[in-house]
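Asker: below is the structure, and that's it, no one-letter string:
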């Protein structure tokens, strides 16, 4: 393998140690996770504490009412598993109901796009089945930051400023939480959300009231969330309130307490693909996760080792493979409980040998070209970007763009942890963003808007149905090397998650870059696929590239037919990663946005 490193300087060191490492999208959450390891907790205890803290310090990117996939490898279990924390659709959520409201798309904000919130039950299941600590150990740090305050990050302040008028005019419960004194909190100011702190404190108090030990506490916390005062408050608000959303009309929600009572997080085996010495593990096609495996299956036919990762030829090849994989995402992916997804075919050598022929080394594709698998899939109606509906920059960036009424191109956080025993976890919590829907009175948090990823046309794998999971963009990754658990990684970024993660992985595997170098190197992505977010548009042959890429590369990509937009130098991706090899633990985190941090010893 030829070592190619276009930028030997890194923004911070690759962390190396033997005790434990934590990487996340916010320094406080990383410190909390490391603190749990120092107190004797394992990676899964640290994960729960990190996740709850991320809800506090990045409220514009995730919240208690959101969703999460987790992928982990537990040493004692000797296997990799996925915890699905993607909630399903309410019983009242039918295509006919949304159509009766005059909608052709599920709005990206308000009450209508809410699924059952899945994060809390997922973290309780992780703690109960894989962790070692009590609920108070992992929840208390977050409660403390909610009640005592935390420094408001610049992007959270900017997000609140963007939607402040909407809060004042239409979402007064959110104004009460996020506009103290009717003012936008300033960056770096101390911000408190005592309502959520009190909600979690009450859950903890009720969980500890009945005795019976650690497991009993966790079970009582789960019931308090899904059947107790939390579910009751959500049911009351969603049943009786009409709320303005991005459609321009006031709508009631469809989520009810009964939907919450019937749902719980599930555990399943990952999908995998063998790529040379590596085995990459991802969640199933209820998420977009398998597109990484499909991209690898397409790229497996090329010699990438000697290619310059900043060259036009390398970027062109990766982008063209991405276009084919994402076209299959739209045509085939959906909740496997409702849809038979032909993943074995989509990852097969024969299928990808045939698909690989569609990649022209000199010409960018302008088309959506899903594959054909007899008896499977559907054809999605394509929508060009419409400025009257979009209201946000469609090019995307490391920090998601938010419109004045809260619509986004994907707001998310991420963390990765490995402990000294070799337990490893990667998670991408999201949803319940402060701008997604109004705060629920008495709880202090809002619910997510993941249902906007359903189609209201019947007969598609991702068509709306009650009880169905939306095909989420959330996509953590775990990889084995030579048969041993090796690497956990991921990034926020909506449709870009499985583009930026792929590029990171290729740099590390083919070009000899360490974790930090792979994150720091100039990034790129395409919006050629239909967006997963309202208003679901696509931009054929688009390619957004960081300005740090060589000018000759950008020019050559234009000559190949890519419609290139140049973004700021440090604008794409918020990657984090951890690795373990030969008794050494490694970690790295993204400098973009100046929030991510990795620590360890």
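Answerer: Cool, got the structure. Only a predicted model underlies this, so the values are computations on that prediction, with no experimental measurement involved.

Asker: show me where the stretch 501-601 of the chain has its helices.
Answerer: With helices called from DSSP state H, counting those that start in this stretch, the stretch 501-601 of the chain shows them at 515-520, 551-559.

Asker: the longest one: how far from the chain's middle?
Answerer: Right, the one you point to is helix 551-559. Distance, stretch centre to chain centre, for helix 551-559: 31 Å (C-alpha atoms, centre = their mean, to the nearest Å).

Asker: and for the shortest one?
Answerer: Counting by C-alpha atoms, centre = their mean, helix 515-520 is centred 20 Å from the centre of its parent chain.

Asker: average model confidence for that helix?
Answerer: Across helix 515-520, the average pLDDT comes to 96.

Asker: what packs against that helix?
Answerer: For helix 515-520, the packing partners by 3 or more C-beta pairs under 8 Å, 6 or more residues apart in numbering; DSSP states H and E come out as helix 497-510, strand 576-581, strand 584-589. Just so you know, the C-beta spots here come from the backbone N, C-alpha and C atoms, and that holds for glycine as well.

Asker: before we move on, what about the longest one?
Answerer: Counting by 3+ C-beta pairs under 8 Å, 6+ apart, the packing neighbours recorded for helix 551-559 are helix 312-332, strand 542-546, strand 563-567.

Asker: related to what we said a few turns ago, could I get the helices and strands packed on helix 515-520 as TSV with distance to residue 426?
Answerer: Below are the helices and strands packed on helix 515-520 laid out as TSV (distance: least, C-beta to C-beta, whole Å):
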stretch	distance to residue 426
helix 497-510	10
strand 576-581	8
strand 584-589	12
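
Asker: show the end-to-end separation of stretch 303-322, please.
Answerer: End-to-end distance for stretch 303-322: 17 Å, by C-alpha to C-alpha, to the nearest Å.

Asker: list the buried residues for that stretch?
Answerer: Residues of stretch 303-322 classed as buried: 304, 307, 309-312, 314-322 (neighbour count, 16 or more other C-beta atoms under 10 Å).

Asker: how far off centre is it?
Answerer: 25 Å.

Asker: spatially central residue for this structure, please.
Answerer: By C-alpha atoms, centre = their mean, the chain has its centre lying nearest to residue 474, at 3.3 Å.

Asker: is it within a helix or a strand, and which one?
Answerer: Per DSSP states H and E: residue 474 is located in neither a helix nor a strand.

Asker: now stretch 51-63: mean pLDDT?
Answerer: 97.

Asker: for that stretch, the distance to its chain's centre please.
Answerer: Distance of stretch 51-63 from its chain centroid, counting by C-alpha atoms, centre = their mean, is 13 Å.

Asker: re earlier: output the helices and strands packed on helix 551-559 as TSV; include the columns mean pLDDT.
Answerer: Shown next, in TSV, are the helices and strands packed on helix 551-559 (pLDDT from 0 to 100):
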stretch	mean pLDDT
helix 312-332	96
strand 542-546	95
strand 563-567	94
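
Asker: which residue ranges of the stretch 51-200 of the chain form strands?
Answerer: For the stretch 51-200 of the chain, the strands defined by DSSP state E, counting those that start in this stretch occupy 68-74, 79-85, 150-151, 190-191.

Asker: helices and strands around the third one, which ones?
Answerer: Judged by 3+ C-beta pairs under 8 Å, 6+ apart, strand 150-151 is in contact with helix 43-57, strand 190-191.

Asker: with the first one instead?
Answerer: For strand 68-74, the helices and strands in contact under the criterion 3+ C-beta pairs under 8 Å, 6+ apart are helix 43-57, strand 79-85, helix 119-130, strand 424-427, strand 477-481.

Asker: so the second one versus helix 43-57, what angle?
Answerer: Inter-element angle recorded for strand 79-85 and helix 43-57: 30 degrees (by axes from the mean of the first three to the mean of the last three C-alpha atoms, to 10 degrees).

Asker: pLDDT at the nearest residue to residue 192 once chain neighbours are set aside, what is it?
Answerer: Excluding its sequence neighbours, the residue lying closest to residue 192 (C-beta to C-beta, 6 or more residues apart in numbering) is residue 149, at 4.5 Å. For residue 149, the model assigns a pLDDT of 98.

Asker: about what we covered before: now the helices and strands packed on helix 515-520 in a markdown table, with mean pLDDT and distance to residue 445?
Answerer: What follows is those, written out as a markdown table (pLDDT from 0 to 100; distance: least, C-beta to C-beta, whole Å):
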| stretch | mean pLDDT | distance to residue 445 |
| --- | --- | --- |
| helix 497-510 | 96 | 23 |
| strand 576-581 | 97 | 24 |
| strand 584-589 | 98 | 26 |
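
Asker: and the closest residue to residue 214 other than its chain neighbours, how many neighbours?
Answerer: Once flanking residues are discounted, residue 214 sits nearest to residue 134: 5.5 Å by C-beta to C-beta, 6+ apart. Residue 134 has 18 neighbouring residues, counting by other C-beta atoms under 10 Å.

Asker: just residue 337 next, same as before
Answerer: Neighbour tally, residue 337, other C-beta under 10 Å: 12.

Asker: for residue 582, same thing?
Answerer: 5.

Asker: can you name the residues that contact it?
Answerer: Residues near residue 582 by C-beta atoms under 8 Å, 6 or more residues apart in numbering: none.

Asker: just the pLDDT at it, thanks.
Answerer: You'll see residue 582 listed with a pLDDT of 93.

Asker: where does residue 218 land in three-state SS?
Answerer: For residue 218, the secondary structure call by DSSP: H, G, I helix; E, B strand; the rest coil comes out as helix.

Asker: phi, psi of the residue nearest to the centre of the chain?
Answerer: Here is the backbone geometry of residue 474 (degrees, to the nearest 10): phi -70, psi 130.

Asker: hmm, residue 286 and it touching each other?
Answerer: No: counting by C-beta atoms under 8 Å, residue 474 stays clear of residue 286, with 10.2 Å between them.

Asker: thought residue 495 was touching residue 526?
Answerer: No: Residue 495 lies out of contact with residue 526 (C-beta under 8 Å); the separation is 9.0 Å.

Asker: just the helices and strands packed on strand 150-151: most buried one?
Answerer: Comparing the helices and strands packed on strand 150-151 by mean neighbour count (mean count of other C-beta atoms under 10 Å), helix 43-57 comes out on top with a mean of 28.
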